[in-house]
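Participant: Just need the structure, nothing else, for what follows:
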Amino acid sequence: MSAIDRGFRGQVVMVTGGARHFGGSLVARLAADKRISRVIAVDTKSPSRDLMRRMGRAEFVRADIQNPLIGRVIDANEVDTVVHASVMARPPRGGSRIAMHDVNVFGAMQLFAVCQKAPSVRRIVLRSSSAVYGSSPRDPVQFTEQMGAKSAPKGGFGEDLLDVEGFARSLARRRPDMAVTNLRFAPIIGPQLQGVIPTYVGAPLVPKVMGRDARMQVIHEEDAFAAVAHAIHGGPAGTFNIAGDGVIMMSQAIRRAGRIEAPMPSALFRTLGRAIMGPVMREFTREQLDYFQYGCGLDTTRMRTVFGFEPRWTTVQAFDDFVRGAALRPVVDIRWIDFAEKGLLALVGTGSGAKG
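Facilitator: A predicted model of the protein is given here:
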């Protein structure tokens, strides 16, 4: 009987990317889980003092997953579960796209090669993303896990993740005794995590392409951590879309955040948008800008029926929790917008009645 069949009492869990916000926050939550005996966070840089404090009993090891020596960390601590959460969405500060590719692709290749040879490792959990589906006007309403991108991802993040997922599938074939779970998260949002969507809609004036209204589906950060924990504690192997119920349109998100929409032609979205948002807009990658135009919807049937996970927050609830937690001061009072909308509807109704 394998370790997977016997259960996961006394697990030793190693989390990559432990010095970053998501990885470190995940480590903090796993450290509070009494079912896990030890939690080891690894990264190339040390966590901040506050993050280290929140990690509690977790141990931190400064190590590079691109170096074969990461195998010593796994072997010396008899790690049985590895959570790979260190894939980068954009090049490191002062770094290049090549540096990002090396960290993401070669790092995952080296890590999985070490895990393949480590007899103690019985479970791998990969933090992937809906970025593998890309964003384009040809997209379906919802992507299932069996679908591929209608247009190849145009940015490095999606391209890298496709390679990383390929390595994970190869590992699962070579080690059939190992459970490899690939979680394709919708954009993660919440009061603590300042991701791409919060950064975009947090600007006072938000550029938006005329005639387009991106359909966005997100996952609350607490649900994201819970999904990883579910995978760690015996969730089935395979690939799963992880997202909250429902969608929120870009125009609705801008309104609910109390921001002002700045409509513009598609041809001017990148240039005029940068003029409006300044340095913030320049930080977004090409694939992120595509997402703001088209969005991405995920079919979560397998998440519920096979993976056995149910998010607590819907997409709209997760977005509203971010707005409350970020304490965004509305640029325009939402009550004024509601009043104006009701007045306009009343005028339209009156006009229609008069014609009748």
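Participant: Next, the spatially closest residue to residue 140 that is not a sequence neighbour: secondary structure please.
Facilitator: The spatially closest residue to residue 140, leaving aside those adjacent along the chain, is residue 147, at 7.1 Å (C-beta to C-beta, 6 or more residues apart in numbering). Bear in mind the C-beta positions are built from the backbone N, C-alpha and C, glycine included. Three-state assignment for residue 147 (DSSP: H, G, I helix; E, B strand; the rest coil): coil.
Participant: Residue numbering should commence at 50 henceforth.
Facilitator: Noted, 50 is the first residue going forward, which turns the last one into residue 196.
Participant: what ranges of the chain fall below the confidence cut-off?
Facilitator: Applying pLDDT under 70 to the chain picks out residues 50-58, 143, 243, 375-405.
Participant: could you redo the last one with a cut-off of 50?
Facilitator: By pLDDT under 50, the low-scoring segments of the chain are 50-58, 385, 388-390, 393-394, 397, 400-401, 403-405.
Participant: where exactly do the strands run in it?
Facilitator: For the chain, strands defined by DSSP state E occupy the ranges 60-65, 85-92, 108-111, 130-133, 172-178, 228-234, 237-238, 254-258, 264-265, 268-269, 287-291, 297-298, 309-313, 344-345.
Participant: Just send the ones you listed back as CSV, with distance to residue 320 too.
Facilitator: Shown next, in CSV, are these (distance: least, C-beta to C-beta, whole Å):
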stretch, distance to residue 320
strand 60-65, 37
strand 85-92, 37
strand 108-111, 42
strand 130-133, 37
strand 172-178, 27
strand 228-234, 31
strand 237-238, 27
strand 254-258, 10
strand 264-265, 23
strand 268-269, 32
strand 287-291, 34
strand 297-298, 24
strand 309-313, 9
strand 344-345, 22
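Participant: For residue 153, which of those is the nearest?
Facilitator: Nearest to residue 153, of all the strands of the chain, is strand 130-133, at 10.3 Å by C-beta to C-beta.
Participant: Packing partners of that closest one?
Facilitator: If you count contacts as 3 or more C-beta pairs under 8 Å, 6 or more residues apart in numbering; DSSP states H and E, strand 130-133 packs onto strand 60-65, helix 156-166, strand 172-178, helix 270-281.
Participant: Which neighbours in the sheet does the third one have, and how are they oriented?
Facilitator: Think strand 172-178. Sheet partners assigned to strand 172-178 using DSSP bridges are listed as strand 130-133 (parallel), strand 228-234 (parallel).
Participant: How far away from the center of its chain is it?
Facilitator: Put simply, strand 172-178 sits 11 Å off its chain's centre (C-alpha atoms, centre = their mean, to the nearest Å).
Participant: angle of it against strand 60-65?
Facilitator: Orientation of strand 172-178 against strand 60-65 (axes from the mean of the first three to the mean of the last three C-alpha atoms, to 10 degrees) gives an angle of 30 degrees.
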